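Q: For reference, the sequence and a predicted model appear below.
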2 protein chains.
Amino acid sequence: MSRWEPNASGRLEQAALDLYRERGFEQTTVAQIAERAGLTERTFFRYFADKREVLFWSQDMLQELAVTTIASQPDRAAPITMVVAAFDAIAATFPQERREFLRQRQAVITASEELQERDSLKLASLASAIAEALRQRGVTDPTAYLIAETGGAVSKVAYIRWISETGPRTLSQILRESFDELKAVLGSWG
Amino acid sequence: MSRWEPNASGRLEQAALDLYRERGFEQTTVAQIAERAGLTERTFFRYFADKREVLFWSQDMLQELAVTTIASQPDRAAPITMVVAAFDAIAATFPQERREFLRQRQAVITASEELQERDSLKLASLASAIAEALRQRGVTDPTAYLIAETGGAVSKVAYIRWISETGPRTLSQILRESFDELKAVLGSWG
């Protein structure tokens, strides 16, 4: 078997998801995932540190996309506009036809405390990276931290809503609506 | 040694924190924590499932407080007012003299991915419980979920800011300011 495997990450993720659904996350081994994907255990570990990471392999790419998006915003852009643009850039990478897969993935995460923990930490890492990117653009704290964390919360809610729906609305649309709604709710407060 | 120990949770937490700072989280065993606290390992496990939980023992009480606070809000209260009241009730349980301890605790959490994961999950659980309490009060989704998660993000930022400061401002004050700031930032958007 050659060192390079076409779309190995995606194949391993699909195999892992299938096995986690069939047998549960705890009961599945890396050897089983590799076998199901037609790859070796060694290949698995070339891509992922453990059997949790296989469900989060696109995280680094999404984080990089968010950071790059903030770096490329015009100088006159307001900090909140940069944050919305960053989460919207991520949302745009989730096509409608991926939703069923992601719904199954979410059910697997919800069934395992270990996976929930990893999921929560990934979101926290993303928010930290976005806060840091904002600071690079001259946004000071506490604003940078506050709007990055809030953006993370809004995008989490929008994402769960999107995968729960079956209609034609895109994640980008739902994200935008969620920010609009939060603005309205806070506007009526205090 | 009797089954009941005065303030065993607090003593175990202090002992665990001291050892995590001295030796690192990974290198510390439950037996060492119990010994340092002058208690038995069996007592430890009567209170905590594992050596991560010992740093989060007040979580259930805080969650209960948040849920009770929402349940006791007047019927005319706006949903966002209920959420702010819930996080403010939690904030009020953190006195200024506890800040140094919590600063040390936060440094230990930041140094360990396992503890960060548990910390992130605890916050996610709190936000879920608050969303559910809002639904019990008739607040529908996506609003309930959106404002509960946003409240979690704001309270996280306020908490980190509070433990980083040395001045007289209370967590409640900083929390309130953070909501105000988020309102102002979102008001200027879109």
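A: Good, I have the coordinates. Numbers count the residues shown, from 1 in each chain, chains lettered A, B, ... in the order given.

Q: what's the nearest residue to the spatially most central residue of chain A if we skip its chain neighbours?
A: In chain A, the centroid-proximal residue (Cα atoms, centre = their mean) is A:Q59; its distance is 5.5 Å. Once flanking residues are discounted, A:Q59 sits nearest to A:K122: 5.1 Å by Cβ to Cβ, 6 or more residues apart in numbering or on different chains. Glycine gets a C-beta too; all of them are placed from N, C-alpha and C.

Q: per-residue confidence at that neighbour?
A: A:K122 carries a pLDDT value of 93.

Q: could you measure it against A:L55, distance?
A: 10 Å (Cβ to Cβ, to the nearest Å).

Q: Comparing these two, which residue is more hemmed in?
A: More crowded of A:K122 and A:L55, by other Cβ atoms under 10 Å in any protein chain shown: A:L55, with 24 against 20.

Q: Hmm, the more buried one is touching A:A16, no?
A: Yes. Using Cβ atoms under 8 Å, A:L55 is in contact with A:A16, at 6.5 Å.

Q: Contact partners for the residue of chain A positioned farthest from its centre?
A: No residue in chain A sits farther from the centre than A:G190, which is 32.9 Å out by Cα atoms, centre = their mean. By Cβ atoms under 8 Å, 6 or more residues apart in numbering or on different chains, the contact list for A:G190 reads B:F179, B:D180, B:K183.

Q: Run through chain A and note the low-pLDDT ranges.
A: A:1-6 (pLDDT under 70).

Q: Among the contacts of A:G190, which lie within helices?
A: In this view, these that belong to helices under DSSP state H are B:F179, B:D180, B:K183.

Q: which SS state does the residue nearest to the second one when sequence neighbours are not counted fall under?
A: Yep, that's B:D180 we're talking about. Counting by Cβ to Cβ, 6+ apart, A:G190 is the residue found nearest to B:D180 once chain neighbours are left out, at 6.8 Å. Assigned state for A:G190: coil (three-state reduction, DSSP: H, G, I helix; E, B strand; the rest coil).

Q: ok, which stretches of chain A are helices?
A: Under DSSP H, chain A gives helices at A:8-23, A:30-36, A:41-47, A:59-71, A:79-91, A:99-110, A:113-136, A:143-164, A:171-187.

Q: okay, these in JSON lines with distance to B:D141 next?
A: Output for the helices of chain A, formatted as JSON lines (distance: least, Cβ to Cβ, whole Å):
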{"stretch": "helix A:8-23", "distance to B:D141": "26"}
{"stretch": "helix A:30-36", "distance to B:D141": "35"}
{"stretch": "helix A:41-47", "distance to B:D141": "36"}
{"stretch": "helix A:59-71", "distance to B:D141": "25"}
{"stretch": "helix A:79-91", "distance to B:D141": "19"}
{"stretch": "helix A:99-110", "distance to B:D141": "16"}
{"stretch": "helix A:113-136", "distance to B:D141": "19"}
{"stretch": "helix A:143-164", "distance to B:D141": "8"}
{"stretch": "helix A:171-187", "distance to B:D141": "11"}
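
Q: nearest to B:G167, of these?
A: Closest of the helices of chain A to B:G167 is helix A:143-164, at 17.9 Å (criterion: Cβ to Cβ).

Q: touching chain B at all, the closest one?
A: Yes. Using Cβ under 8 Å from any Cβ of the partner chain, helix A:143-164 reaches chain B at A:143, A:145-147, A:149-150, A:152-154, A:156-157, A:160-161.

Q: Show me what that helix packs onto, helices and strands only.
A: For helix A:143-164, the packing partners by 3 or more Cβ pairs under 8 Å, 6 or more residues apart in numbering or on different chains; DSSP states H and E come out as helix A:79-91, helix A:99-110, helix A:113-136, helix A:171-187, helix B:143-164, helix B:171-187.

Q: Excluding sequence neighbours, find me the nearest residue to A:T69.
A: Once flanking residues are discounted, A:T69 sits nearest to A:A89: 4.2 Å by Cβ to Cβ, 6+ apart.

Q: how about that neighbour, what does it touch?
A: Listed by Cβ under 8 Å, 6+ apart, the contact set of A:A89 reads A:L65, A:A66, A:T69.

Q: quick one: the last one and A:K183, what's the gap?
A: The reference is to A:T69. 21 Å.

Q: got it, and the second one?
A: Taken as Cβ to Cβ, the spacing of A:A66 relative to A:K183 amounts to 21 Å.

Q: Who has more neighbours out of those two?
A: Taking other Cβ under 10 Å, A:A66 and A:K183 do not tie; A:A66 has more neighbours (26 against 19).
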